[in-house]
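[1] Quick one, structure for this:
(chains A and B)
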Amino acid sequence: MTADGCQELGRLVLSRTRTPAKNNSMPTKRACDILMLITLCALSGLLVLSIVGAFLGTERAGDMFTSVPLMVFWAILAAVLLAGPITFAPLRRDPGLLAMHAGCVLVLAGALLGTERGQWLRRLLGFHVIRQSYLRIDREGYSDQLYDQNKMPIGRLPVSVKLDALRLDAYPPASPWPMHIVITHMDESGELQRHSQQLTWSLGKWLDVPETDMRLQVTEYQPAKYEVDNALAEPPIIRARIERAGMGKVIQFSGERRQPNTWLSLMSFYDNPTDWMRAGTPELVLQRPEPMPKNYYADLAVRGYDGEPTHQTVSVNNPLRHGCYYLYQTGFSDLNQPELWLQVVGDPGWPVVFTGFVVLFAGIVWWLWIRPILRAISKSQSKAKIDTCTF
Amino acid sequence: MHILTNTQGLLLYIAMAAYAAAAILLLLRRPVGWVAYGLGFAAAAGAFALRWQDSGHIPLKNLYDVMMFTGTVFPPLSVFCRFGLLVRAEALDAIIGIAFLFPVGFMFNPATNPRIPALQSPLFVPHVLVYMLGYAIMAKATVQAVGRLCCRGPAKRTAAFDRGAYRLVAMSFPLLTAGLLLGAWWGKLVWTSYWHWDPKELWSLATWLSLLIYLHCRRSRWAPARLSAGLVIVSMTLIAITLLWANLSTLFSGLHSYGG
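    Model prediction:
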């Protein structure tokens, strides 16, 4: 757009949005003042409630904001938001102000449509959704049965879903692998009790091995090596010097490729097996750290009414959407787990809320960013002097 | 309290020293203050880049990261506000920059942890980024509001403070709104709902509402200008609570607890 074009657009917009203050009659002014006062009271009330809610915690705050008195409050707020543009002419004329108010109304309406208390509105509009449920899927066959928290059937999903595969994208495990000392004792009832304690070692420094009369110095640590996909290529190797009762030995052990723990008996530091058993059969354990998930995915086959399956993937940031239903993979335990529980949320209000977000943001950007720029362009022609703020 | 002994720490301390020098020189109206301010920015940006390299992703995950980012953006923000919004007070900007960088250099834990699956969302970075930019601009707006309340000078001068505060709030409010809405959208995709009544969400909502009240007061015929200035200060107090108290205190545990 050329500079002249911008100036023309600026003049056009501002000529439509400038407040015709002198044309307002006294009763209209009074009505506007009263409405502004109600708006400020409503916003201040919501501000105070927000602060109170922050101290109450998530659950109690949720209960408070969806209680009957607060539903009345939300209705008043929506009425004020609608009354603003009706009573106050500049709100109707300016697209930014109108969009801000319309956006807020849409957010409130969408939120009502999605809440537990909005059941009457959903019925009125013909939405028959189950708000919160769970879907159990496996690799054997398609499933559409929805369950509540107690695993009782509560309805069916409009589509059926089958688990194809689970995938994990993990970070390379932290290095070095943790080393533990494990002591086994027999308790009063004659049962063996095993407990372990992690050794916080650093290269070259001596440390007393807890619950034993030994001390240990790690002299060399060759870290584990990983493939590009973070699969273990080579386990780590530890070389350490252990001293007990004036006797010192160098030990070396390396992590197991397939086992999560590698055990090393310290019996050779004792004169005989009986002494070793009396000391609690101390053993060193090198533990393979669990991979920390970067993201996890479930590949699903989804079959609709037409019977044709489509293949889709859900992950932590990417739920599966079908109509008003959103299917979330919220947990992960094992790639080979036979079944997976997906959290299913039925929310017909979300598209309305999202539209409200877009309209609200567009209105704010128009009012606070674009409009002043257009005004500045318009003023630049008349070379208006703008004071600078100094401190 | 601790001292960072790596290159990143050294750059942070250089940035703070340069900001301090810039603040003094700019208060004395010496143009060389801008050189010190620029040097501080270069050092802070270098520390941020090193942090980015260490963590393997844009560092906006915890308080250490976001305070470093916010402390870094002040010099370019000062330039933008001076020439774009015609609002000055760069010396105080440099002091606010130090206030953001100080806990990074001496108090917060610099350990980097991998991002949990929920934080892999493409919405995470813009959500935090716009919030921190909004907070930085609000800190500048607060300076103007304090100036308005303390100023006993001619009406033209108080009006300039009023205008400065309004221009900065007008710049910050869309950013804070974007942060709130992006967070809600991200929440819908990750945590099944766009609103959880989480303590930090509620503190953010309170901040947004206080600025909304400010904007309404500016439009009303009867609200005094001093009330508007007071509302800017209240908003900044709520931002400080959202950023620090809601993150660090165990009183407000919730979905945002990872941010501490």
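
[2] can you pull the contacts of the residue in chain B positioned nearest to chain A?
    Here the residue of chain B nearest chain A is residue B:164; by C-beta to the nearest C-beta that distance is 3.3 Å. The C-beta positions use only the backbone N, C-alpha and C, and glycine is treated the same way. Residues counted as contacts of residue B:164 (C-beta atoms under 8 Å, 6 or more residues apart in numbering or on different chains) are A:389, B:85, B:87, B:89, B:141, B:144, B:147.

[3] which of the residues you listed are buried?
    A:389, B:85, B:87, B:89, B:141, B:144, B:147 (16 or more other C-beta atoms under 10 Å in any protein chain shown).

[4] Which ones among these map onto helices?
    B:141, B:144, B:147 (DSSP state H).

[5] hang on, the last one packs against residue B:163?
    No - Residue B:147 is beyond contact range of residue B:163, at 11.3 Å (criterion: C-beta atoms under 8 Å).

[6] In terms of helices and strands, where is the spatially closest residue to residue A:140 that is not a sequence neighbour?
    Excluding its sequence neighbours, the residue lying closest to residue A:140 (C-beta to C-beta, 6 or more residues apart in numbering or on different chains) is residue A:162, at 8.0 Å. In the assignment (DSSP states H and E), residue A:162 maps to strand A:153-171.

[7] Count residues in the vicinity of residue A:253, would you?
    18 (other C-beta atoms under 10 Å in any protein chain shown).

[8] And it, which helix or strand is it part of?
    Using DSSP H and E, residue A:253 sits in strand A:247-254.

[9] that older thread, and the residue nearest to residue A:140, bridged to which residues?
    residue A:301 (DSSP bridges).

[10] what residues are up against it?
    Going by C-beta under 8 Å, 6+ apart, residue A:162 touches A:137-143, A:300-301, A:303, A:309.

[11] Buried subset of those residues, written for PyMOL?
    A single PyMOL command selects the buried members of the contacts of residue A:162 (16+ other C-beta under 10 Å):
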select buried, chain A and resi 137+143+300+301+309
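
[12] Following element in sequence after the longest helix seen in chain A, please.
    Looking across chain A with DSSP H, the single longest helix is helix A:26-56. Under the assignment DSSP H and E, the closest C-terminal helix or strand after helix A:26-56 is helix A:58-65.

[13] could you give the angle of the helix or strand following that next one to helix A:58-65?
    Sequence-wise, the next helix or strand downstream of helix A:58-65 (DSSP H and E) is helix A:68-87. Relative orientation of helix A:68-87 versus helix A:58-65 (axes from the mean of the first three to the mean of the last three C-alpha atoms, to 10 degrees): 60 degrees.

[14] which secondary structure element contains residue A:243?
    Residue A:243 is part of strand A:237-244, with elements assigned from DSSP H and E.

[15] what does residue A:134 give?
    strand A:132-138.

[16] that older thread, tell me which of the contacts of residue A:162 is nearest to residue A:262?
    Among the contacts of residue A:162, residue A:139 lies closest to residue A:262 (C-beta to C-beta), at 32.8 Å.

[17] if you skip the residues just before and after it, what's nearest to that closest one?
    Nearest one to residue A:139, counting by C-beta to C-beta, 6+ apart, is residue A:163 at 5.2 Å.

[18] do you know how far that neighbour is from residue A:133?
    Per C-beta to C-beta, to the nearest Å, residue A:163 is found 17 Å from residue A:133.

[19] Tell me how far residue A:380 lies from residue A:373.
    Separation of residue A:380 from residue A:373 (C-beta to C-beta): 11 Å.

[20] Can you give the strand pairings for the strand holding residue A:134, parallel or anti for each?
    The pairing partners recorded for strand A:132-138 under DSSP bridges are strand A:143-147 (antiparallel), strand A:339-346 (antiparallel).

[21] Going along the chain, name the helices of the stretch 201-350 of chain A.
    For the stretch 201-350 of chain A, the helices defined by DSSP state H, counting those that start in this stretch occupy A:273-278, A:350-365.

[22] any idea which of the ones you listed scores lowest on pLDDT?
    Per-stretch mean pLDDT for those is lowest at helix A:273-278 (a mean of 89).

[23] So between residue A:380 and residue A:373, which is more surrounded?
    Each of residue A:380 and residue A:373 had its neighbours counted (other C-beta under 10 Å), and the higher figure belongs to residue A:380 (14 against 11).
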